[in-house]
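Novice: here are the coordinates; sequence isn't available:
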């Protein structure tokens, strides 16, 4: 999946001469946390809710300084920005979020701001890709780390005419000879499938027997 398939293209922006008051008003009205700052369509900075909070007077202060709210955004905006391109892979964008602990990624093409990607967008996308938002069951299966093992496991689902919504593969503790398959299937009662997986010699780690009421 590409960033262009996930990013928001209707981006709310301000320019550098807008004020903290303008940013506060828009963030509250639109319920957003990030505002790109542009000039002639080009990205020149970014203001976040944290930037605004750090620059604004305390909401519980008895001595507010109204003049601070009139501070132009070029005084508080960040200009050293990470950016993405619409044709970047979502995995590459997610790595930037993970590595640099950022909350959003402005998307730029031909020097123009064309979209924005946020942590919330990535989370929603992950939920949809894994099928966690659908009626389903989640299985964790310990399997040998060898070629063709995914096909062998999928044969059990095929025999039960069960649709697989998603499969994630990750290491099993420190054992390089094994992997964990985290499989989400479109079935609410997986007991018969689990029984056949075990019959084929696969170890089902989740759900375990107590959780299944066995």
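Specialist: It's in. It should be emphasised that the depicted structure is a prediction, and the values quoted were computed from it without experimental measurement.

Novice: next one: phi and psi at residue 77?
Specialist: Phi and psi for residue 77, reported as degrees, to the nearest 10, are phi -70, psi 150.

Novice: surely it is in contact with residue 17?
Specialist: No: the pair residue 77 and residue 17 does not pass the contact test of C-beta atoms under 8 Å, sitting 11.3 Å apart. No exception for glycine: its C-beta is placed from N, CA and C like everyone else's.

Novice: more neighbours, the two?
Specialist: Using other C-beta atoms under 10 Å as the criterion, residue 77 and residue 17 rank with residue 77 on top: 21 against 11.

Novice: who's in contact with that one?
Specialist: Residues near residue 77 by C-beta atoms under 8 Å, 6 or more residues apart in numbering: 16, 37, 44, 45, 46, 47, 51.

Novice: the closest residue to it other than its chain neighbours: how many residues sit nearby?
Specialist: Distance criterion C-beta to C-beta, 6 or more residues apart in numbering; nearest residue to residue 77, sequence neighbours excluded, is residue 45 at 3.4 Å. Taking other C-beta under 10 Å as the criterion, the count of residues near residue 45 is 22.

Novice: please apply the same query to the one 3 residues further on.
Specialist: Look at residue 48: counted by other C-beta under 10 Å, it has 20 neighbours.

Novice: so which residue is dead centre in the chain?
Specialist: Nearest residue to the geometric centre of the chain (C-alpha atoms, centre = their mean): residue 122, 2.2 Å.

Novice: determine the longest strand present in the chain.
Specialist: strand 175-185 (DSSP state E).

Novice: next, the buried residues of that one.
Specialist: The neighbour-count check on strand 175-185 (16 or more other C-beta atoms under 10 Å) flags 178, 179, 180, 181, 182, 183, 184, 185 as buried.

Novice: residues touching the second one, list them.
Specialist: Right, residue 179. By C-beta under 8 Å, 6+ apart, residue 179 lies in contact with 142, 143, 144, 145, 149, 169, 170, 171, 172.

Novice: please repeat the previous calculation with a cut-off of 7 Å.
Specialist: Shown in contact with residue 179 (C-beta atoms under 7 Å, 6 or more residues apart in numbering): 143, 145, 169, 171, 172.

Novice: can you pull the pLDDT of it?
Specialist: Residue-level confidence at residue 179 comes out at 96, pLDDT.
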